[in-house]
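S.K.: Just the structure for this:
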Amino acid sequence: MPNKVNVEGDVQVRTKTFLTEKWIPPNIATGAAYAANDAIGGMQEIDVPVSGVIQSANYWDRDDEGLQVDIAICSERFATSIADNAAFSLLDEDTLKVIHVISFSSFTDFINGQMSSVVSIGKAYYAPSGKLYIQAIARGALNIAAGSEPMFQLNILAD
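M.R.: Next comes the predicted model:
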(Lines give C-alpha, C1' and ligand atoms only; values in the text may rest on other atoms or scores of the structure.)
Protein backbone atom coordinates (compact mmCIF):
# COMPACT_ATOMS: atom_id res chain seq x y z
CA MET A 1 0.00 0.00 0.00
CA PRO A 2 1.48 3.39 -0.98
CA ASN A 3 2.11 6.02 1.70
CA LYS A 4 -0.49 8.77 1.81
CA VAL A 5 -0.03 12.38 2.76
CA ASN A 6 -2.94 14.56 3.82
CA VAL A 7 -2.41 18.29 3.47
CA GLU A 8 -4.66 21.11 4.52
CA GLY A 9 -3.91 24.50 3.05
CA ASP A 10 -1.22 25.48 0.58
CA VAL A 11 2.01 23.55 0.35
CA GLN A 12 5.07 24.82 -1.42
CA VAL A 13 8.07 22.62 -2.09
CA ARG A 14 11.02 24.45 -3.49
CA THR A 15 14.72 23.93 -3.92
CA LYS A 16 17.38 26.35 -5.08
CA THR A 17 20.37 25.26 -7.08
CA PHE A 18 23.58 26.76 -5.74
CA LEU A 19 26.87 26.57 -7.65
CA THR A 20 29.99 27.23 -5.63
CA GLU A 21 32.68 29.37 -7.16
CA LYS A 22 35.21 27.36 -9.12
CA TRP A 23 38.33 26.97 -7.01
CA ILE A 24 41.95 25.90 -7.34
CA PRO A 25 43.37 24.31 -4.19
CA PRO A 26 45.48 26.98 -2.43
CA ASN A 27 49.25 26.73 -2.11
CA ILE A 28 49.82 24.24 -4.94
CA ALA A 29 53.48 23.79 -5.82
CA THR A 30 53.46 23.54 -9.60
CA GLY A 31 56.07 21.27 -11.11
CA ALA A 32 56.12 19.14 -7.95
CA ALA A 33 55.71 15.40 -8.34
CA TYR A 34 52.67 14.28 -6.36
CA ALA A 35 52.58 10.64 -5.29
CA ALA A 36 49.42 8.65 -4.70
CA ASN A 37 47.69 9.80 -1.48
CA ASP A 38 49.43 13.18 -1.33
CA ALA A 39 47.49 16.32 -0.45
CA ILE A 40 47.10 18.63 -3.45
CA GLY A 41 47.53 22.15 -2.14
CA GLY A 42 46.04 23.21 1.15
CA MET A 43 42.50 23.03 2.47
CA GLN A 44 40.03 25.21 0.56
CA GLU A 45 37.29 27.07 2.43
CA ILE A 46 34.15 27.64 0.35
CA ASP A 47 30.95 29.54 1.07
CA VAL A 48 27.81 27.38 0.87
CA PRO A 49 24.21 27.47 2.05
CA VAL A 50 23.93 26.47 5.72
CA SER A 51 22.26 23.21 4.75
CA GLY A 52 21.51 21.36 1.58
CA VAL A 53 22.36 18.37 -0.55
CA ILE A 54 25.55 18.05 -2.57
CA GLN A 55 24.10 16.99 -5.91
CA SER A 56 27.09 16.93 -8.26
CA ALA A 57 30.72 17.96 -8.57
CA ASN A 58 33.11 18.88 -11.40
CA TYR A 59 36.86 18.56 -11.70
CA TRP A 60 38.65 20.29 -14.55
CA ASP A 61 41.97 18.52 -15.16
CA ARG A 62 43.64 21.41 -16.96
CA ASP A 63 46.98 19.57 -16.94
CA ASP A 64 45.45 16.78 -19.07
CA GLU A 65 46.64 13.85 -16.95
CA GLY A 66 43.38 11.92 -16.49
CA LEU A 67 44.42 10.47 -13.14
CA GLN A 68 42.04 10.00 -10.22
CA VAL A 69 41.75 12.87 -7.77
CA ASP A 70 39.50 12.84 -4.71
CA ILE A 71 38.15 15.70 -2.64
CA ALA A 72 37.40 15.25 1.06
CA ILE A 73 34.53 17.54 2.09
CA CYS A 74 34.65 18.52 5.74
CA SER A 75 32.45 20.36 8.21
CA GLU A 76 35.41 22.16 9.77
CA ARG A 77 39.17 22.52 9.42
CA PHE A 78 41.43 19.68 10.50
CA ALA A 79 43.17 19.96 13.88
CA THR A 80 46.48 19.21 12.15
CA SER A 81 47.32 20.97 8.91
CA ILE A 82 48.43 18.87 5.97
CA ALA A 83 51.05 20.46 3.76
CA ASP A 84 50.89 20.46 -0.02
CA ASN A 85 52.53 17.35 -1.50
CA ALA A 86 52.60 15.60 1.90
CA ALA A 87 50.84 12.34 2.72
CA PHE A 88 47.12 12.81 3.38
CA SER A 89 46.91 11.27 6.84
CA LEU A 90 44.13 12.12 9.29
CA LEU A 91 43.93 11.94 13.05
CA ASP A 92 40.87 10.12 14.43
CA GLU A 93 39.30 13.43 15.49
CA ASP A 94 39.74 14.80 11.96
CA THR A 95 38.18 11.72 10.35
CA LEU A 96 34.94 12.63 12.15
CA LYS A 97 34.91 16.01 10.36
CA VAL A 98 34.75 14.41 6.89
CA ILE A 99 31.22 14.63 5.48
CA HIS A 100 31.92 12.87 2.19
CA VAL A 101 34.71 11.98 -0.26
CA ILE A 102 34.10 12.44 -3.97
CA SER A 103 36.29 10.43 -6.35
CA PHE A 104 36.88 11.79 -9.84
CA SER A 105 38.01 8.78 -11.85
CA SER A 106 36.19 8.87 -15.19
CA PHE A 107 37.20 11.58 -17.66
CA THR A 108 36.10 13.21 -20.89
CA ASP A 109 39.16 14.14 -22.94
CA PHE A 110 39.24 17.55 -24.64
CA ILE A 111 42.74 17.02 -26.13
CA ASN A 112 44.43 19.80 -24.09
CA GLY A 113 42.56 19.08 -20.85
CA GLN A 114 40.05 16.74 -19.33
CA MET A 115 36.93 16.95 -17.19
CA SER A 116 35.37 14.59 -14.69
CA SER A 117 31.85 14.99 -13.33
CA VAL A 118 30.22 13.04 -10.52
CA VAL A 119 26.43 13.28 -10.52
CA SER A 120 23.56 12.09 -8.30
CA ILE A 121 25.68 12.32 -5.17
CA GLY A 122 22.73 13.10 -2.89
CA LYS A 123 24.80 13.79 0.25
CA ALA A 124 23.02 15.99 2.79
CA TYR A 125 25.11 18.31 4.94
CA TYR A 126 24.72 20.93 7.66
CA ALA A 127 27.32 23.71 7.88
CA PRO A 128 26.27 26.22 10.57
CA SER A 129 29.16 28.52 9.63
CA GLY A 130 28.02 28.60 5.98
CA LYS A 131 31.36 27.12 4.96
CA LEU A 132 32.67 23.74 3.86
CA TYR A 133 36.35 22.83 3.93
CA ILE A 134 37.76 20.79 1.08
CA GLN A 135 41.05 18.97 0.64
CA ALA A 136 42.10 17.59 -2.76
CA ILE A 137 43.99 14.30 -2.73
CA ALA A 138 46.09 12.74 -5.51
CA ARG A 139 45.35 9.09 -6.20
CA GLY A 140 47.98 8.79 -8.92
CA ALA A 141 51.37 10.36 -9.71
CA LEU A 142 50.53 13.92 -10.79
CA ASN A 143 52.96 16.55 -12.02
CA ILE A 144 51.00 19.79 -12.38
CA ALA A 145 52.32 22.53 -14.67
CA ALA A 146 52.01 26.22 -13.80
CA GLY A 147 48.82 27.66 -15.26
CA SER A 148 47.23 24.20 -15.45
CA GLU A 149 46.22 23.75 -11.82
CA PRO A 150 43.19 21.57 -11.10
CA MET A 151 39.85 23.35 -10.67
CA PHE A 152 36.73 22.15 -8.84
CA GLN A 153 33.08 23.16 -8.33
CA LEU A 154 30.12 21.78 -6.34
CA ASN A 155 26.45 21.93 -7.30
CA ILE A 156 24.24 22.07 -4.19
CA LEU A 157 20.50 21.86 -3.76
CA ALA A 158 19.94 24.34 -0.93
CA ASP A 159 17.23 23.78 1.68
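
S.K.: wait, doesn't Leu142 sit right on Ala36?
M.R.: No - the criterion here is C-beta atoms under 8 Å, and Leu142 misses it with Ala36 at 9.2 Å. From N, CA and C alone the C-beta is placed, and that goes for glycine too.

S.K.: can you pull the pLDDT of the residue nearest the centre of the chain?
M.R.: Taking C-alpha atoms, centre = their mean, the centroid of the chain lies closest to Ile71, which sits 4.4 Å from it. You'll see Ile71 listed with a pLDDT of 98.

S.K.: Could you do Val13 as well?
M.R.: 56.

S.K.: Give the other helices and strands that the lengthiest strand in the chain contacts.
M.R.: In the chain, assigned by DSSP state E, the strand with the most residues is strand 51-61. Secondary-structure packing of strand 51-61 (3 or more C-beta pairs under 8 Å, 6 or more residues apart in numbering; DSSP states H and E): strand 69-74, strand 98-104, strand 114-118, strand 123-126, strand 151-158.

S.K.: now with 10 Å?
M.R.: strand 16-19, strand 69-74, strand 98-104, strand 114-118, strand 123-126, strand 131-138, strand 151-158 (3 or more C-beta pairs under 10 Å, 6 or more residues apart in numbering; DSSP states H and E).

S.K.: any chance of the ones you listed in a markdown table, plus distance to Gln44?
M.R.: A markdown table is the format used below for the helices and strands packed on strand 51-61 (distance: least, C-beta to C-beta, whole Å):
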| stretch | distance to Gln44 |
| --- | --- |
| strand 16-19 | 15 |
| strand 69-74 | 9 |
| strand 98-104 | 13 |
| strand 114-118 | 17 |
| strand 123-126 | 15 |
| strand 131-138 | 5 |
| strand 151-158 | 8 |
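
S.K.: Quick one: closest of those to Gly52.
M.R.: Each of the helices and strands packed on strand 51-61 has some distance to Gly52 by C-beta to C-beta; the shortest is strand 151-158, at 4.3 Å.
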